[in-house]
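>>> whatever this is, show me its structure:
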Amino acid sequence: MNGIIFDIKKFALHDGNGIRLTIFLKGCPLKCWWCHNPESQNIGIEKYQLIKKLDGKEIKVSENVGKTYTLSELMAIIQKEQIFFEESGGGVTFSGGEPLQQSVFLKHALIQTKIKEIHTAVDTCGFAATKNFMDIIQFTDLFLFDIKHLSDTEHLKYTGVSNKTILQNLTFLSKYHRNVFVRFPVIPSLNDTKEHLENLFQFLKGIIQNGGIKRLDLLPYHKIAENKYIKYNKENLMPKISEPSVERMAELQKYFSKLNIEVTVGG
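The predicted structure is shown next:
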């Protein structure tokens with residue numbers, strides 16, 4: 001049983017409770033304009049020719065993005081961090097890309113992690129067959145579920161896919177899972193308009209009553225990935241979009257707090 005992983009982040013603090021090990025699986029069905037990990041989108045291992053400077057000289061180097069791990073290799077890495085999970089109430093978060101692109105490997109990794117009594121989280125864009133969520137729901141302690149845009153037309157424009165399956169899956173999880181954090185990336189002028197925020201508020205209000213939605217994380221857009229687009233020679237579709245101000249994020253936090261669930265800025 002093998003999976004392709006492009007990064008493993010130790011001591012992560014924003015991907016669930018406590019100190020976490022975040023495992024980034026390669027491959028994503030979305031092509032978000034603001035993607036922070038553009039190197040994650042293609043599911044296979046990729047080789048890039050990069051230019052680096054050494055002692056004032058430019059040299060060409062090869063870099064692979066993605067590495068194949070067996071399930072036993074991954075579990076060995078996870079178990080080395082177990083003491084930090086126990087001390088902090090943390091665990092393992094499977095992210096991406098979109099981890100459900102490698103649904104079979106993800107399911108087996110979740111099962112093995114739960115056997116070790118380690119808290120599990122899945123960070124998902126929601127674009128996957130509902131059956132895939134059903135397959136992992138009993139092995140997942142927390143879902144981190146992204147909502148990009150409620151307009152199907154705008155969602156298709158900015159991510160490359162329809163939002164219908166995503167919204168259906170979030171509604172499903174809100175009914176059948178006890179612990180879902182909704183994550184909303186705040187992108188100025190793209191999805192923070194008054195009309196869209198009102199629509200998002202009403203949609204969340206409607207499914208919160210199902211009982212599974214416990215928190216809303218407002219994630220401010222940032223330009224931290226700009227160098228990645230340059231490094232991997234990928235087109236940056238948002239060079240002129242500014243980061244939302246601290247004041248704007250506080251304003252949105254106050255607005256969504258009327259939903260009567262926990263609302264955080266930054267996750």
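>>> in terms of pLDDT, where does the closest residue in space to Gln101 that isn't next to it in sequence sit?
Take Gln101 and drop its neighbours on the chain: the residue closest to it by Cβ to Cβ, 6 or more residues apart in numbering is Gly27, 3.7 Å away. Just so you know, the C-beta spots here come from the backbone N, C-alpha and C atoms, and that holds for glycine as well. For Gly27, the pLDDT comes out at 98.
>>> on the three-state scheme, Gly27 is what?
Here Gly27 is recorded as coil under DSSP: H, G, I helix; E, B strand; the rest coil.
>>> can you tell me how far it sits from Ile59?
In this structure, Gly27 lies at 30 Å from Ile59, with Cβ to Cβ, to the nearest Å as the measure.
>>> quick one: which of these two has more around it?
Looking at Gly27 and Ile59 with other Cβ atoms under 10 Å, you find the greater number of neighbours at Gly27, namely 20 against 10.
>>> just to check, the more buried one is in contact with Phe105?
No. In this structure, Gly27 sits apart from Phe105 without contact. The criterion is Cβ atoms under 8 Å, and the distance is 10.7 Å.
>>> wait, what's in contact with the residue nearest to Gln101?
For Gly27, the contacting residues are 4, 40-44, 96-98, 101-102, by Cβ atoms under 8 Å, 6 or more residues apart in numbering.
>>> what's the answer for Pro99, then?
Pro99 sits next to 25, 106, 122-124 when contact means Cβ under 8 Å, 6+ apart.
>>> can you tell me which of these lies closest to Glu86?
Nearest to Glu86, judged by Cβ to Cβ, of the contacts of Pro99 is Val122 at 20.7 Å.
>>> what secondary structure does that closest one sit in?
Secondary structure assignment for Val122 (three-state DSSP): strand.
>>> repeat that for Ile136.
In the three-state summary, Ile136 is assigned as helix, counting by three-state DSSP.
>>> for Thr70, see how far away it is.
When distances are taken as Cβ to Cβ, Ile136 and Thr70 turn out to be 19 Å apart.
>>> quick one, grab the pLDDT at Gly160.
On the pLDDT scale, Gly160 gets 97.
>>> where does the protein have its least confident helix or strand?
strand 46-54 (a mean of 82; mean pLDDT, DSSP states H and E).
>>> mind listing the strands the host helix or strand of Phe184 pairs with, and their directions?
In this structure, Phe184 is located in strand 180-186 according to DSSP states H and E. Partner strands for strand 180-186, per DSSP bridges, with pairing direction: strand 142-146 (parallel), strand 213-220 (parallel).
>>> which residues does the spatially most central residue of the chain bridge with?
In the chain, the residue lying closest to the centroid (Cα atoms, centre = their mean) is Asp123, at 4.4 Å. Going by DSSP bridges, Asp123 is paired in beta bridges with Leu144.
>>> all good on my end, thank you.
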